[in-house]
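>>> prediction below, plus the sequence it came from.
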Amino acid sequence: MMDVAHKPDGVRAASCWVCGSLRTKLFRPSTIAEKMTANAVAITDANYGITAAIFRCDSCGFLQCPDVSGVLELYQDMEDPGYALTAGPRALQARKLLEILEKFRPAPARLLDVGAGIGLLLDEAEKRGFYAVGMEPSRWLAGLGQERGLRLHCGVLPHGDVVGPFDAICLIDVIEHVPDPVDLLRTIRDVMAPDGKLVMVTPDVKSAMARLMGKNWWHFRAAHIGYFDRTTLERACHAAGLKPVHASRPCWYFNAGYLWDRVMAYLPRRWRLKAPSILMRLTVPLNLYDSILFVVEPIHGSDEARSA
Ligand SMILES: [Zn+2]
């Protein structure tokens, strides 16, 4: 089990991860009672509203948790049996994301999935004619994918075995987990083909649902250390030499029983009911319009000259 240091609130502000401004202020003190462990970054963690201290950038409005260090080590150790159980709906979700990607970059093409989990998207991509490669920091998740014969590397970019150029890259619900999102996007651009496309998805902290739910919004969780909206995400892309060519609200798919448990997590423990077994066999679409999907492409010399 890995310890992650949490400094007292306000001890360390940091320059904004998106725009570099030094004017960041405490937005919300830490609600994490104990040291973070690998369990806290599990994908199916249901401790909504529990986060490290969040700082807001006065300049661009980006929200970040600079006091969290050692996140990568937590991901390496993370095991999440709940994630494997949700494989059916997640595979459907991967299919829908690939349908969007294919409008911009159809197969055959070389595809890279960053933060690939157990490789559900890789499976779907291969079926659709892509040559699919994945990267996953969790040894446990990567191992499950490797057992199924997928090209799934354990680790993060840059990685000696993962060399571009890739025509299509997926970054689904990943960028909110990293302490230097612009650096991650630059690393991705480095392995992208000149006409490549990146599909990225992240929660939208300025969405109506996020505003309505306030501090209890389900995306406020210990594993999320950067909170984007459309403007800050676009800004991060530009800083990395990328530009969005499409923006929409992705739809997620869930096992109805899993969804039931997520809703129950909002109730006091004694009111929680076990999901009726029929729900375990149902997959339902859910679009709360509180995530952003961008399709992004590299900015080339002539584009930069135009925007300068
Ligand atoms: Zn900023």
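Structure's in. What do you need? Remember, predicted model here, so these are calculated numbers, not experimental data. Numbering: from 1, shown residues only.
>>> ok, residues contacting stretch 100-109?
With contacts defined as Cβ atoms under 8 Å, 6 or more residues apart in numbering, stretch 100-109 is touched by 125, 128-131, 167-168, 170, 196-197, 199, 245-246, 248, 250, 293, 295. C-beta coordinates here come from the backbone N, C-alpha and C atoms, glycine included.
>>> how far away from the center of its chain is that stretch?
Counting by Cα atoms, centre = their mean, to the nearest Å, stretch 100-109 is centred 21 Å from the centre of its parent chain.
>>> pLDDT on it, on average?
The average pLDDT within stretch 100-109 is 97.
>>> kindly report the same for stretch 251-271.
Here the average pLDDT along stretch 251-271 is 82.
>>> for this structure, just list every one of the helices.
Along the chain, counting by DSSP state H, helices occupy 71-77, 81-85, 87-104, 120-127, 139-147, 181-190, 208-213, 230-239, 256-264, 301-307.
>>> for this protein, which spans come out with low pLDDT?
Low-confidence segments of the chain, defined by pLDDT under 70: 1-13, 35-36, 38-46, 84-85, 302-308.
>>> enumerate the residues of it near the ion.
For the chain, the residues in contact with the ion (Cβ under 5 Å from the ion) are C16, V18, C19, S21, C57, S59, C60, F62.
>>> and with 8 Å instead?
Contact residues, the chain versus the ion (Cβ under 8 Å from the ion): 16-21, 24, 57-62, 232, 235.
>>> quick one, which of the residues you listed are buried?
Buried subset of the residues of the chain next to the ion (neighbour count, 16 or more other Cβ atoms under 10 Å): C16, W17, V18, C19, T24, C57, C60, G61, F62, T232, R235.
>>> ok, which stretches of the chain are strands?
Assigned by DSSP state E, the chain shows strands spanning 24-28, 54-57, 63-64, 110-114, 131-136, 152-154, 166-172, 192-203, 226-227, 242-248, 252-255, 283-286, 291-298.
>>> what residues are up against P158?
Going by Cβ under 8 Å, 6+ apart, P158 touches T187, D190, V191.
>>> distance check, it against the ion.
25 Å (Cβ to the ion, to the nearest Å).
>>> same check, this time on H159
For H159, the distance to the ion - Cβ to the ion - is 29 Å.
>>> verify the contact between that residue and H153 for me.
Yes: proximity of H159 to H153 meets the contact threshold set by Cβ atoms under 8 Å, at 5.9 Å.
>>> settle it for me: which of these two has more neighbours?
The neighbour count for H159 versus H153, taken as other Cβ atoms under 10 Å, is higher for H153 (20 against 15).
>>> related to what we said a few turns ago, got JSON lines for the buried ones among the residues of the chain next to the ion, with distance to L74 too?
Shown next, in JSON lines, are those (distance: Cβ to Cβ, whole Å):
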{"residue": "C16", "distance to L74": "23"}
{"residue": "W17", "distance to L74": "18"}
{"residue": "V18", "distance to L74": "23"}
{"residue": "C19", "distance to L74": "27"}
{"residue": "T24", "distance to L74": "23"}
{"residue": "C57", "distance to L74": "24"}
{"residue": "C60", "distance to L74": "27"}
{"residue": "G61", "distance to L74": "27"}
{"residue": "F62", "distance to L74": "22"}
{"residue": "T232", "distance to L74": "24"}
{"residue": "R235", "distance to L74": "27"}
